[in-house]
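Participant: Need a 3D model of the sequence below.
(6 chains, ligands or ions: 12)
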Protein chains: 6
Amino acid sequence: VYPRYCGFSTYARLPSIHEVSNFDVAVVGIPFDAGCTYRPGARFGPEAIRCASRLIRRYNMGTEVYPFRDMQVVDYGDIPCNPFNIPKAIDEISTGVGNVLGRCDGVVIIGGDHTISYPSLKAISDKFGPVSLVHFDSHFDTWDEYFGEKCTHGTPFKRAIDDGLIDTSRSMHVGIRGSVNDHEDIVADEQLGMKTIFCSELDDNGFDWVANKIKNRVGTGPVYLSLDIDVADPAFAPGTGTPEVGGFSSRELIRLLRSMKGLNIVSGDVVEVAPAYDHADITAQLGANIVFEILSLMAVARRNKTATTSA
Amino acid sequence: VYPRYCGFSTYARLPSIHEVSNFDVAVVGIPFDAGCTYRPGARFGPEAIRCASRLIRRYNMGTEVYPFRDMQVVDYGDIPCNPFNIPKAIDEISTGVGNVLGRCDGVVIIGGDHTISYPSLKAISDKFGPVSLVHFDSHFDTWDEYFGEKCTHGTPFKRAIDDGLIDTSRSMHVGIRGSVNDHEDIVADEQLGMKTIFCSELDDNGFDWVANKIKNRVGTGPVYLSLDIDVADPAFAPGTGTPEVGGFSSRELIRLLRSMKGLNIVSGDVVEVAPAYDHADITAQLGANIVFEILSLMAVARRNKTATTSA
Amino acid sequence: VYPRYCGFSTYARLPSIHEVSNFDVAVVGIPFDAGCTYRPGARFGPEAIRCASRLIRRYNMGTEVYPFRDMQVVDYGDIPCNPFNIPKAIDEISTGVGNVLGRCDGVVIIGGDHTISYPSLKAISDKFGPVSLVHFDSHFDTWDEYFGEKCTHGTPFKRAIDDGLIDTSRSMHVGIRGSVNDHEDIVADEQLGMKTIFCSELDDNGFDWVANKIKNRVGTGPVYLSLDIDVADPAFAPGTGTPEVGGFSSRELIRLLRSMKGLNIVSGDVVEVAPAYDHADITAQLGANIVFEILSLMAVARRNKTATTSA
Amino acid sequence: VYPRYCGFSTYARLPSIHEVSNFDVAVVGIPFDAGCTYRPGARFGPEAIRCASRLIRRYNMGTEVYPFRDMQVVDYGDIPCNPFNIPKAIDEISTGVGNVLGRCDGVVIIGGDHTISYPSLKAISDKFGPVSLVHFDSHFDTWDEYFGEKCTHGTPFKRAIDDGLIDTSRSMHVGIRGSVNDHEDIVADEQLGMKTIFCSELDDNGFDWVANKIKNRVGTGPVYLSLDIDVADPAFAPGTGTPEVGGFSSRELIRLLRSMKGLNIVSGDVVEVAPAYDHADITAQLGANIVFEILSLMAVARRNKTATTSA
Amino acid sequence: VYPRYCGFSTYARLPSIHEVSNFDVAVVGIPFDAGCTYRPGARFGPEAIRCASRLIRRYNMGTEVYPFRDMQVVDYGDIPCNPFNIPKAIDEISTGVGNVLGRCDGVVIIGGDHTISYPSLKAISDKFGPVSLVHFDSHFDTWDEYFGEKCTHGTPFKRAIDDGLIDTSRSMHVGIRGSVNDHEDIVADEQLGMKTIFCSELDDNGFDWVANKIKNRVGTGPVYLSLDIDVADPAFAPGTGTPEVGGFSSRELIRLLRSMKGLNIVSGDVVEVAPAYDHADITAQLGANIVFEILSLMAVARRNKTATTSA
Amino acid sequence: VYPRYCGFSTYARLPSIHEVSNFDVAVVGIPFDAGCTYRPGARFGPEAIRCASRLIRRYNMGTEVYPFRDMQVVDYGDIPCNPFNIPKAIDEISTGVGNVLGRCDGVVIIGGDHTISYPSLKAISDKFGPVSLVHFDSHFDTWDEYFGEKCTHGTPFKRAIDDGLIDTSRSMHVGIRGSVNDHEDIVADEQLGMKTIFCSELDDNGFDWVANKIKNRVGTGPVYLSLDIDVADPAFAPGTGTPEVGGFSSRELIRLLRSMKGLNIVSGDVVEVAPAYDHADITAQLGANIVFEILSLMAVARRNKTATTSA
Ligand SMILES: [Mn+2]
Ligand SMILES: [Mn+2]
Ligand SMILES: [Mn+2]
Ligand SMILES: [Mn+2]
Ligand SMILES: [Mn+2]
Ligand SMILES: [Mn+2]
Ligand SMILES: [Mn+2]
Ligand SMILES: [Mn+2]
Ligand SMILES: [Mn+2]
Ligand SMILES: [Mn+2]
Ligand SMILES: [Mn+2]
Ligand SMILES: [Mn+2]
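Facilitator: Residues are numbered from 1 along each chain as shown, chains lettered A, B, ... in the order given. Ligands and ions are numbered 1, 2, ... in the order given. Below is the predicted model:
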């Protein structure tokens, strides 16, 4: 027995890739933030989430599952990528995630800024085909470009949709809020085929309405869960680059994630944790717990599949 | 197109008073905190809110309005006032706000401590007559004096009521909580003709009850909205001088403000943001967004008036 | 009249033990944190809570009571105890708290880590017999040992139950959440005779259900209220050693405490405030206010007893 | 034996005024900062220095003296004064310090902003006659007024000179640096009869030159030592209101103070510690140590007098 | 007279470009940090230095000059540049600086990361021909590439030398220290024709030796002074991206700059201030003062030229 | 090539013990702080130093050596030890360090509080016999006990001397300063046979005097270098538990270490880095660099030995 603060900081004190060779699921860091438009620093997100994750224990009371017992999870370390050249980095990330997926059944990626979801979805789509995207964020991230650049943290899902990586008919945004440049931004996103649950709809319609809307939209196919930490209110997640006041509490967010129990979550990411703006690691701890919730959802999905198969 | 972090930090990247000569509404800083009784530093509030406001975009999804398109809004800069002599500062502020109101239709003032609402209301009352006051705060701010001083951040509304600047029959406090010196403080405030929605009443009676109570109280006359950032819980607004635990979340606060859509908001202020105690600018960002919500309410009120007039 | 920031920092600017000789209730610091398993520093909790408590005023609007008028409350200062030897410290604390209780009717203890509740309960049980425990925490704190040690901040209530200090049939945990080592941890706690209100049950069943469950469980006998500040979400209480995301807001927590009005609260503690991780004193202010709420509950309980006696 | 972090935070864990009735020297807080021109918050200086002083032990290796053994030193607590009205506060401070000096031989005052040195010098001069002033600061603080106000933290020594409280022929500034409004500021200060050791002169002429210049200037009469913490570089003292880069290190500063051993230091002050801008208490610790050095110098001076008298 | 904390935050409260049309020297922000290899955030450097510069007054005691009186200095605002594409940004910066230099005699640039010195030197060289470079830094910044990228904050002076923008025979590095990848890094830099004063040489040889070495190397031709704030020790400049312990103090650094009085400084830059890592603005204040020292050197150089011309 | 912020955080990005099996020297963390008397938290020192060490490159310019090329250095990870029971931890640490030393030639230990030097010296002495101790600290750490405890961070070298682990005739303290309980503390330390270079002696006698005094004292035998980060001034090392103002700068400290080039340094430790009080990692970076300097000294000593042997 080791004290929790003891030893190298792998995610949740899991074995590192140096210690195991076979695994079902990998936690992977992508320390890239060159696609960021405001406060940079998410390149230090993987390290911060790993350090903060040491308090995470084995059993998830909410989803009633032991993700690290039921699946062999490894901390794969980081995928290195070019900090100066976005197209190069996009290639390195999609190749890197593809390599990991070649060795296991699913990944949970720790960003990095939201740019990384596009190359990650390339690799995901290669393995699973076009997936349902459940996107928690205060922003749409479906702009077509920003300052003339096609790949930034404001554009990943436009790129992914353009490339056919997402089944938009089963995809949605959750938690959108804040000012936008134009009402047209909302319209344009709808025209891509996406649906949105605005943050205010939780107050207007209640938790069950939101949870059901997600479930009904998603159906039974493979789901990629992408969560931008700025979907949480800055009180709960100050450590991020483009904060928007008026967001979800940590408790609401975790409850929403747990309501997705039973959906076919195959992989996911947690992005935009920027520790330079964090305090007492509260953002990193939230990020670490969200990774744990996603892993738990994946463990349940996997159990369901096994049950179905063996039935 | 400029990156949002680029250029001088005017409120919401609006033109400064050096760049435009005609305007409908002015955002005005009053960096005064000599009326503060506990943690000082609100004199740096205008600067902090300006810097934090650069993430604010043009369209308000909640109230469905483009405040900067529908009104010409300017960042007027700061009204200088004496940091050592409260009576002199009171005169400088009322004169200064009066001068701004002589050039436009309304102001949103960024404090500074709550002392400034008294001289601001002098100028407001000169233009609009006695106004309805909707006062968001965890404190009444209707003491008669503090340490023998008549004008402090604990007394502005007593002064304003004594001077007849407020129509108390249409005015109220929202968000009061925390310990008080005496039950008599509550009674004394009632005897001034004010009504109060205590913070706990949101839990007891629900959002709609609160929203309706405000609307019914206020009616159709001109409203001045004064918001002390300490009405929010310290988790959402640590950067303030006399914090009280147990307050509104940012989401609740913004939802309450948006529920006032349609009221005749003519001006307002956001006070008590003290950045020395803030973290990652979350208090300043909340302040910046509240200024945006007030401007949006003013834009709607203005649209309603135009509609009525032109009908 | 003194400005609130003026003078020695006793709790709520109460007289210190050097200034009064007779008192009904004592606020007592126990700056001990050698039982801590993760981030240490709660030894500075008493000082931080005293400093932050200066904004607390005399009248509690929620419970409608003047605790400092209705009871003579003193700041007793700290009980010194050995930082290097847990068994010695346990003895020093139980003796120290016993001495205080020999001079008055009840105490509110400021920790220090949760280890201190065990020796405090020894002294409490000596005076009141086995008490009902209402334990607010995100953790059970009923492990049998940790790294071979019997007395740590993860084990105080196992020790107290083993020693018969608690009437488990009237006791409960409130606010439990987060990952646990094993489902067996939950089962083992139940087998001790405790009941638990998990944090998620507030969302599932509502406030009144929770409040009633506590009241029904507790009954009319003497109650010891032990509150680990990590029962609050890290957004509201970052300054603590083993934070768990997804907890109560300050407003929820205070509302829960106030719902216990009328119960026979005889003493209590507020533990695990670690100011090194706090920001702008928000955790310490929450701690200070919880002390105030417990004192207010004790004042009401005392008034009820007097009323009963004199009737 | 108590752990150093245990118990009420009096200066250096000295007895408080509630615990002793006779004393030779008093440490006195004056939590006043309404004379501040830039970043306020020095009102919390006394509390911060008291908390940080708990690491101070009994023997001063540098000056080879036990100040707390050789003199009965008490922590007198704070002198309350009006935060809103400078003239009233000036009166309260001079009266308050006078009262303390009526009960003992000398004081070390903890500010508060530098405004307080003027009323303190009134009381000092009443007891000792016009004193030699050794003024450590990055600023002259001899302006005649600021924004029309005669008593601010930029003017105390002009006021003191005008009132004849200082023997300018034996007085000097040490550590002046930074930009000034005008070369005339330097000339005007010289015309008051003051001499200055600029910060750069330590580099140009060496430590001994500076130390001797101070000693030769001061002579054998009573000396008041006033130290603005901004004389230290912001790296060593970030927690202050008007920092100037390029100042003394803590080691240089303490060495300079120790070089004054043997001078007839009768009282002194340490001002402008503003903990809101401090980090890990380093500024408060420096302040606490400077108070200790002044007390040590006073103890040596007192020993010298006794030796002379008894010879 | 305005309080220093009042009004828009231009550098040293100078007029903004919106307020004046003719000027001799411009302070220009370049909020670019996409060339950063470790902790990003220098894009917020211009804003932080502007805010911190408000304490700067008119007269420089060290160089005995009034830079704002002797030259018309303007705050030009920021040059916007692409955050995602380094080559585009390089073009935008060299064009932007060229435009400014077309309207005045010299610039002081506020970065941004050190990448910006290369495009700035393009514009400088266009106006002045190849200049002497005095480069204060803990790093050489003469690598040929980094991760395959030619323009990063580790390569600006290799690029400038390759393009012939610098007269290496009159140029030097000052303050180099810390570990390097290889001894070859040092050799390679020498082979470019640069000379270096290592940080340790100040300790070994004294201040005068260093000052003279700089003067002798530079001669009388036009000098560009580029200062990376990481040349200062992290205690004095924590707010930067690639800190190296063991650097200059602020006082040493300012003394070194002042020793360059009389050299023909025509322009300069202060780079790598990253406020996310700063505390109490001490790094930004140091940056602001260094800008002031460069402006003062430019004012002296200009005075000398005028004297020569008019003689 | 990986960006420096990429990958698991081993010391200086060295291979972890999971990646290599043979090595000459090990960097070992000991996350233990239960012997701390004031601000705890040094248990997080190893993690903080590892993260901060990523900027360290291969070549040491000061000592002209490539420590990672000339020796196979491994990051061994942490030695787990009991946080609740000091005697158990002492055993675990001496056994653990002994195990490491059984596999290699030397260690550099990262604390943890200073308690750990005693059990480390047990293992060192087992391998090398009684060693010369060069102890950098602001405190003697040779008390016999503290609160009745024999093993704390104030007593390690008294224990080591009592056990004959140190050759006191070749050992010394460097950097002692601050107040002490009693002049007898100094005398008692001398009576143990230790010599001391007080911090003030650097100012009095100059660098060369100090450097020679160390070298002359130490001679040619094996040396253990123990460095408490509080030997540096709090401006350079705020992140520590018992700071003392007036200490060495980082540059002085590194220069002192480099002056020991050629001594027979066989192992060492860097202790008391407590990141909860650090800012922008400056203390951790200093600690990381000191580890690098010790490794460099060990590499030189090793080279010297090889040269002698092969001669
Ligand atoms: Mn987002
Ligand atoms: Mn996003
Ligand atoms: Mn308020
Ligand atoms: Mn208010
Ligand atoms: Mn807990
Ligand atoms: Mn607990
Ligand atoms: Mn000053
Ligand atoms: Mn001063
Ligand atoms: Mn550099
Ligand atoms: Mn550079
Ligand atoms: Mn030490
Ligand atoms: Mn030590």
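Participant: how about the strands in chain A?
Facilitator: For chain A, applying DSSP state E gives strands covering A:25-30, A:73-78, A:106-111, A:132-136, A:172-176, A:195-198, A:223-228, A:265-271.
Participant: Residue of chain A closest to ligand 12, please.
Facilitator: Checking chain A residue by residue against ligand 12 with C-beta to the ion singles out A:Y5 as nearest, at 20.6 Å. For every residue, glycine as well, the C-beta is placed using N, CA and C.
Participant: quick one, phi/psi of that residue?
Facilitator: Dihedral angles of A:Y5 (phi, psi; degrees, to the nearest 10) stand at phi -90, psi 10.
Participant: OK, contacts around it?
Facilitator: A:Y5 makes contact with A:R54, C:Y38, F:P31, F:R43, F:F44, F:E47 under the criterion C-beta atoms under 8 Å, 6 or more residues apart in numbering or on different chains.
Participant: what do you get if the cut-off is 6 Å, keeping everything else the same?
Facilitator: When contacts are counted by C-beta atoms under 6 Å, 6 or more residues apart in numbering or on different chains, A:Y5 touches F:P31, F:R43.
Participant: Repeat that for A:G98.
Facilitator: The neighbourhood of A:G98, defined by C-beta under 6 Å, 6+ apart, consists of A:A123.
Participant: For the spatially closest residue to A:D78 that is not a sequence neighbour, list each beta-bridge partner.
Facilitator: On the basis of C-beta to C-beta, 6 or more residues apart in numbering or on different chains, the spatially nearest residue to A:D78 that is not a chain neighbour turns out to be A:G29, at 4.0 Å. Listed by DSSP bridges, the beta-bridge partners for A:G29 are A:D78, A:I110.
Participant: ok, A:G29 - how many residues close by?
Facilitator: If you count neighbours by other C-beta atoms under 10 Å in any protein chain shown, A:G29 ends up with 25.
Participant: Pretty sure A:I109 is one of the things it touches, is it not?
Facilitator: No. In this structure A:G29 lies outside contact range of A:I109 using C-beta atoms under 6 Å: 7.6 Å.
Participant: Local confidence estimate at A:S310?
Facilitator: Model confidence at A:S310, given as pLDDT, is 71.
Participant: What is the neighbour count of it?
Facilitator: Counted with other C-beta under 10 Å, the neighbours of A:S310 add up to 6.
Participant: before we move on, the earlier item: would you convert the strands of chain A into a markdown table that also reports distance to ligand 11 and mean pLDDT?
Facilitator: As requested, the strands of chain A are arranged in a markdown table below (distance: least, C-beta to the ion, whole Å; pLDDT from 0 to 100):
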| stretch | distance to ligand 11 | mean pLDDT |
| --- | --- | --- |
| strand A:25-30 | 36 | 98 |
| strand A:73-78 | 36 | 98 |
| strand A:106-111 | 37 | 98 |
| strand A:132-136 | 47 | 98 |
| strand A:172-176 | 49 | 98 |
| strand A:195-198 | 55 | 98 |
| strand A:223-228 | 44 | 98 |
| strand A:265-271 | 40 | 98 |
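Participant: In a markdown table: these, plus distance to D:V187.
Facilitator: Below are those laid out as a markdown table (distance: least, C-beta to C-beta, whole Å):
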| stretch | distance to D:V187 |
| --- | --- |
| strand A:25-30 | 62 |
| strand A:73-78 | 62 |
| strand A:106-111 | 60 |
| strand A:132-136 | 65 |
| strand A:172-176 | 63 |
| strand A:195-198 | 66 |
| strand A:223-228 | 60 |
| strand A:265-271 | 61 |
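Participant: Output those strands in CSV, with distance to ligand 6 appended to each entry.
Facilitator: CSV is the format used below for the strands of chain A (distance: least, C-beta to the ion, whole Å):
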stretch, distance to ligand 6
strand A:25-30, 29
strand A:73-78, 28
strand A:106-111, 29
strand A:132-136, 31
strand A:172-176, 32
strand A:195-198, 36
strand A:223-228, 29
strand A:265-271, 28
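Participant: For ligand 1, which of the ones you listed is the nearest?
Facilitator: For the strands of chain A, proximity to ligand 1 was assessed by C-beta to the ion; strand A:223-228 is nearest, at 4.0 Å.
Participant: Show me what that closest one pairs with in its sheet, parallel or antiparallel.
Facilitator: Strand partners for strand A:223-228, identified by DSSP bridges, are recorded as strand A:132-136 (parallel), strand A:265-271 (parallel).
Participant: Just the CA coordinates for the first one, please, in PDB.
Facilitator: It stands for strand A:132-136. Output for strand A:132-136, consisting of C-alpha atoms alone and laid out as PDB, is shown next (Å, rounded to 0.1, in the frame of the first residue of the first chain):
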ATOM      1  CA  SER A 132     -22.700   9.800 -32.600                       C
ATOM      2  CA  LEU A 133     -21.100  12.900 -31.000                       C
ATOM      3  CA  VAL A 134     -22.200  14.100 -27.600                       C
ATOM      4  CA  HIS A 135     -20.500  17.400 -27.200                       C
ATOM      5  CA  PHE A 136     -20.500  19.200 -23.800                       C
END
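Participant: which residues sit against it?
Facilitator: For strand A:132-136, using C-beta under 6 Å, 6+ apart, the contacting residues are A:166-167, A:170-171, A:173-175, A:218, A:221, A:223-227, A:231.
Participant: check contacts around the residue lying closest to A:S132 once chain neighbours are set aside.
Facilitator: Using C-beta to C-beta, 6+ apart and skipping the chain neighbours, the partner closest in space to A:S132 is A:R170 (3.8 Å). Residues in contact with A:R170 (C-beta under 6 Å, 6+ apart) are A:S132, A:V218, A:G219.
Participant: Number of residues surrounding the last one?
Facilitator: Going back to what we said before, that points to A:G219. Counted with other C-beta under 10 Å, the burial measure for A:G219 works out to 13 neighbours.
Participant: And for A:H173?
Facilitator: Residues near A:H173, counting by other C-beta under 10 Å, number 24.
Participant: My guess is it contacts A:T196. True?
Facilitator: Yes. Shown here, A:H173 and A:T196 form a contact pair, counting by C-beta under 6 Å, at 4.4 Å.
Participant: residue contacts, the closest residue to A:T283 other than its chain neighbours?
Facilitator: If you skip the residues right next to it in sequence, A:T283 has A:G239 as its closest partner in space, 3.3 Å away by C-beta to C-beta, 6+ apart. With contacts taken as C-beta under 6 Å, 6+ apart, A:G239 has the following neighbours: A:V273, A:A274, A:P275, A:Y277, A:D278, A:T283.
Participant: Now the buried members of those.
Facilitator: The neighbour-count criterion (16 or more other C-beta atoms under 10 Å in any protein chain shown) marks A:V273, A:A274, A:P275, A:Y277, A:D278, A:T283 among the contacts of A:G239 as buried.
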